[in-house]
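Peer 1: Let's see this in three dimensions:
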Amino acid sequence: MRPVALRVLFIVLVIGASALSGRSVAVELPRGPNRSLVFAHCQTCHSLDYLTDSRGLDRSQWESVIDSMRRLGLPAMSSEEHDRLLDYLATYLGPHPPAAAGPVEAKATASPAMPAAAPGAESAKPAAGEALFEQHCAICHQSTGEGIPGQFPPLAGNRDLFVSRDFPALVIIKGLQGMIEVGGESYNSAMPGFDFLSNDEVAALVGYIRSAWGNEKLRPADLASIDAAAVKTARASDKSAYQARQH
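Peer 2: Numbering: from 1, shown residues only. The predicted model follows:
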């Protein structure tokens, strides 16, 4: 057996053993489009350090790993999601990864920036916010906002969206780790940060989530809407999303 084939087999065996043990550890992955799919499809079963330790596999080798994981019970994905996940792994964990993305390059990988939302107009661009949600969030929280019981909390009917003006923005930018309870059920999955999204995109995404699935009925009358300027302030703060949720 060729060395590269042995390497792929070793990775599959190690990840498979980890999947059976249910290990899950937060690992920093390179920024890039479709990074969220790695967290959604891979972290549900095993530690992601096995992926980062396997940097250098080419596209066909990563495809072999994904196909083997699907046979071991990888959460179901569409052919489009399969290709997007493979694109990320082969590009950012492949033999010739791009240079580390700075703020300008990272922003360019996101969807085109939109005009800043006016104060009090979080739902002014629902189509744009919905598109961002489908691209970055629906894989875990589902298009219905109902989440996946025991793994990813629901956003529909989630009062935490309104605990503070900037809490949802902090979650999107910085991620969220730690035990939380939503709808009487406990969740302890680590959510990655999507800090490559622009301030306008984060504002549009928050606006969509707060207005979708009947969530607008949960909004306190005195809670100010969030716009790009408020997102910029949240991004620069030292406060974590978990801290914001506790107050």
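Peer 1: gap between the most centrally placed residue in the chain and residue 55?
Peer 2: Note on the chain: the residue nearest the mean C-alpha position is residue 36, at 4.0 Å, using Cα atoms, centre = their mean. Distance from residue 36 to residue 55, counting by Cβ to Cβ, to the nearest Å: 19 Å. C-beta here means a position set from N, CA and C on the backbone, and glycine is covered the same way.
Peer 1: Please give me every residue in contact with residue 234.
Peer 2: Residues in contact with residue 234, defined by Cβ atoms under 8 Å, 6 or more residues apart in numbering, are 166, 169-170, 173.
Peer 1: Could you do residue 194 as well?
Peer 2: Counted by Cβ under 8 Å, 6+ apart, residue 194 has contacts 36, 136, 172-173, 175, 202.
Peer 1: Can you convert the residues you listed into TSV and add a column each for pLDDT, distance to residue 59 and secondary structure?
Peer 2: Below are the contacts of residue 194 laid out as TSV (pLDDT from 0 to 100; distance: Cβ to Cβ, whole Å; DSSP: H, G, I helix; E, B strand; the rest coil):
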residue	pLDDT	distance to residue 59	secondary structure
36	78	20	helix
136	81	23	helix
172	92	30	helix
173	90	31	helix
175	86	28	coil
202	93	31	helix
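Peer 1: about what we covered before: name the member of the contacts of residue 234 with the most neighbours.
Peer 2: Among the contacts of residue 234, residue 169 has the most neighbours (other Cβ atoms under 10 Å), with 26 neighbours.
Peer 1: contacting residues around that one?
Peer 2: Neighbours of residue 169 in contact, by Cβ under 8 Å, 6+ apart: 202-203, 206, 226, 230-231, 234-235.
Peer 1: what about 6 Å?
Peer 2: With contact set as Cβ atoms under 6 Å, 6 or more residues apart in numbering, residue 169 has these partners: 202, 206, 226, 231, 234.
Peer 1: neighbours around the residue lying closest to residue 87 once chain neighbours are set aside, how many?
Peer 2: Ranked by Cβ to Cβ, 6 or more residues apart in numbering and with sequence neighbours excluded, the top spatial neighbour of residue 87 is residue 34, at 6.0 Å. By other Cβ under 10 Å, the residues close to residue 34 number 21.
Peer 1: same deal with residue 33?
Peer 2: By the criterion of other Cβ under 10 Å, residue 33 has 17 neighbours.
Peer 1: Please, where are all the strands along the chain?
Peer 2: In the chain, the segments counted as strands under DSSP state E are 180-182, 185-187.
Peer 1: For residue 79, find the nearest of those strands.
Peer 2: For those, the distance to residue 79 is smallest for strand 185-187, at 29.0 Å, taking Cβ to Cβ.
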